[in-house]
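Peer 1: Fold the following and give me the result.
(one chain, ligands or ions: 1)
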Amino acid sequence: MNETPMRVYAEIDLDAVRENVRALRARAPRSGLMAVVKADAYGHGAVPCARAAREAGATWLATATPDEALALRAAGIEGPMLCWLFTPGGPWRQAVEADIDVSVSALWALNEVRAAAQAAGRVARVQLKADTGLGRAGCQPAEWAELVGAAVAAQAEGTVHVTGVWSHFACADEPGHPSIKLQLEAFRDMLAHAEKEGIDPEVRHIANSPATLTLPESHFDLVRPGLAIYGVSPAPEIGTPAQLGLRPAMTLKASLALVKAVPAGHGVSYGHHYVTEAGTNLALVPAGYADGLPRGASGRGPVLVGGRIHRAAGRIAMDQFVIDLGPDPAPGPVPDGGAVPVPVRAGDEAVILGDAERGEPTAEDWAQAAHTIAYEIVTRIGGRVPRVYLGG
Ligand SMILES: *Cc1c(COP(=O)(O)O)cnc(C)c1O
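Peer 2: Below you'll find the model as predicted:
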């Protein structure tokens, strides 16, 4: 029996994930690759994507939260793994016991890791995070000597092993931004200080997806891409996925719930922000903001139906939105140079986002329609949308 869910589902092509990891490794031939699989692999499914990334040669995996990393371990995924978003209380001990590298940006965190390591009777693997200019996580240059000193002392007492020194860019998605050079200089300085004090990190890393793609001098021992692994471009200025040698892994598909004729002057969806100009046929796409589609793309969000791109007519609602197929979706004379009209019926496939190379709308198109970034589009595809894996 075919159990494929039909309302809306996200096909995740794990071969695309593997190809993208290989393509990114080729961009950074002298570095290892740490695959970022936080936020359920940006909506693609953390466990299958982590496995696929490993199969394609990602030596490291990374998540934001310790719970995400622990879930990967619980699924049987071994090997080097880093997580960085801790709050006081941890869970440091579970991370240490699961052999997960933990990121430390401040003395309070180092002290909590030392205590957890002592309680576990293990040496904690710690990566020191430098704030080289992002102004988010990481240790400020002014506090760095103190943090490094405390880490060296913790190594001497045998509770901690410093495995990495790392940082994160603010503007790598804007190639040429003056902060990029300054951050690289600060990173080299902070690294040099740590090494002078006796820290000998296995891995030094700062390059996210845009830096992996555009900034070879940032590659160090590891590149640390997330979005690009899933075949999505970090920014339109950096290129389309095809230009970057990447292939989108997610295709979001729905099955039309209804096609019906309506008269001219008919309002469509909440608020009647779309009104039919003439008698026409409307189709109902059974996916909405509860599935992660941005309501901000109302009137603009694209969808491929019957060989043509249509735009959301009126508001995107919680569970559904409407497209206007035009007056006659039945076969007829082909207008000169025009697309062939095809009949569209309930049950026909609607591709909400996928690969531009197949003529489908993309995460980047939805980002533009909703005035946001493609990261947010894929990451928000919700828990109500089943993932169907290809290339398993
Ligand atoms: C999310 C994240 C990444 C990955 O960034 P991409 O732009 O998706 O490649 C890398 N490092 C840190 C600290 C992050 O938070």
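
Peer 1: Helix or strand next in line after the host helix or strand of residue 69, which one?
Peer 2: For residue 69, the enclosing helix or strand under DSSP states H and E is helix 66-74. Using DSSP H and E, the helix or strand that follows helix 66-74 in sequence is strand 81-83.

Peer 1: Surely residue 293 and residue 315 touch.
Peer 2: No - Residue 293 is beyond contact range of residue 315, at 11.2 Å (criterion: C-beta atoms under 8 Å). All C-beta spots, glycine's among them, are computed from the backbone N, C-alpha and C.

Peer 1: shared neighbours, these two?
Peer 2: Shared contacts of residue 293 and residue 315 (C-beta atoms under 8 Å, 6 or more residues apart in numbering): residue 321.

Peer 1: Please identify which of the two sits among more neighbours.
Peer 2: Counted by other C-beta atoms under 10 Å, residue 293 and residue 315 do not tie: residue 293 has more neighbours, with 33 against 19.

Peer 1: ok, the more buried one - contacts?
Peer 2: Under the criterion of C-beta under 8 Å, 6+ apart, the contact list for residue 293 reads 287, 301, 316, 321, 352, 366.

Peer 1: Helices - which of the residues you listed land there?
Peer 2: Residues of the contacts of residue 293 located in helices (DSSP state H): residue 366.

Peer 1: And the residue nearest to residue 392 when sequence neighbours are not counted, what's its pLDDT?
Peer 2: Leaving aside its chain neighbours, residue 392 sits nearest to residue 14 (6.1 Å; criterion: C-beta to C-beta, 6 or more residues apart in numbering). Confidence at residue 14, expressed as pLDDT, is 98.

Peer 1: Just the CA trace of the top helix by length along the chain, in PDB.
Peer 2: The longest helix of the chain (DSSP H) is helix 178-196. Below are the C-alpha coordinates for helix 178-196, written out as PDB (Å, rounded to 0.1, in the frame of the first residue of the first chain):
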ATOM      1  CA  PRO A 178      34.900  45.600   5.600                       C
ATOM      2  CA  SER A 179      34.000  43.700   8.800                       C
ATOM      3  CA  ILE A 180      35.100  40.400   7.100                       C
ATOM      4  CA  LYS A 181      38.800  41.400   7.000                       C
ATOM      5  CA  LEU A 182      38.700  42.800  10.500                       C
ATOM      6  CA  GLN A 183      37.100  39.600  11.900                       C
ATOM      7  CA  LEU A 184      39.700  37.400  10.200                       C
ATOM      8  CA  GLU A 185      42.500  39.600  11.700                       C
ATOM      9  CA  ALA A 186      40.900  39.400  15.200                       C
ATOM     10  CA  PHE A 187      40.500  35.600  14.800                       C
ATOM     11  CA  ARG A 188      44.200  35.200  13.900                       C
ATOM     12  CA  ASP A 189      45.200  37.400  16.900                       C
ATOM     13  CA  MET A 190      43.100  35.600  19.400                       C
ATOM     14  CA  LEU A 191      44.200  32.200  18.000                       C
ATOM     15  CA  ALA A 192      47.800  33.200  18.200                       C
ATOM     16  CA  HIS A 193      47.400  34.300  21.900                       C
ATOM     17  CA  ALA A 194      45.700  30.900  22.800                       C
ATOM     18  CA  GLU A 195      48.500  29.000  21.100                       C
ATOM     19  CA  LYS A 196      51.200  31.100  22.800                       C
END
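
Peer 1: In CSV, list the C-alpha atoms belonging to whichever strand or helix holds residue 42.
Peer 2: Applying DSSP H and E as the criterion places residue 42 in helix 38-43. C-alpha atoms of helix 38-43 as CSV (Å, rounded to 0.1, in the frame of the first residue of the first chain):
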residue,chain,number,x,y,z
LYS,A,38,20.8,22.4,13.8
ALA,A,39,17.1,23.2,13.8
ASP,A,40,16.3,19.7,12.4
ALA,A,41,18.8,20.2,9.6
TYR,A,42,17.2,23.5,8.6
GLY,A,43,13.9,21.7,8.4
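
Peer 1: Check which element follows that helix along the chain.
Peer 2: Counting by DSSP H and E, the next helix or strand C-terminal to helix 38-43 is helix 46-55.

Peer 1: How about that following helix, which residues are buried there?
Peer 2: Buried residues in helix 46-55, counted by 16 or more other C-beta atoms under 10 Å: 46-54.

Peer 1: tell me the angle of that helix relative to helix 66-74?
Peer 2: Angle of helix 46-55 versus helix 66-74, following axes from the mean of the first three to the mean of the last three C-alpha atoms, to 10 degrees, is 70 degrees.

Peer 1: Need the residues that contact helix 46-55.
Peer 2: The contact list for helix 46-55 (C-beta under 8 Å, 6+ apart) reads 12, 14, 17-18, 21, 33, 35, 37-38, 40-41, 61, 63, 68, 71-72, 75, 77, 79, 229-230, 249, 389, 391-392.

Peer 1: among those, which ones are buried?
Peer 2: Among the contacts of helix 46-55, the ones that count as buried by 16+ other C-beta under 10 Å are 12, 14, 17-18, 21, 33, 35, 37-38, 40-41, 61, 63, 68, 71-72, 77, 229-230, 249, 389.

Peer 1: wait, is residue 125 part of a strand?
Peer 2: Yes - under DSSP: H, G, I helix; E, B strand; the rest coil, residue 125 sits within a strand.
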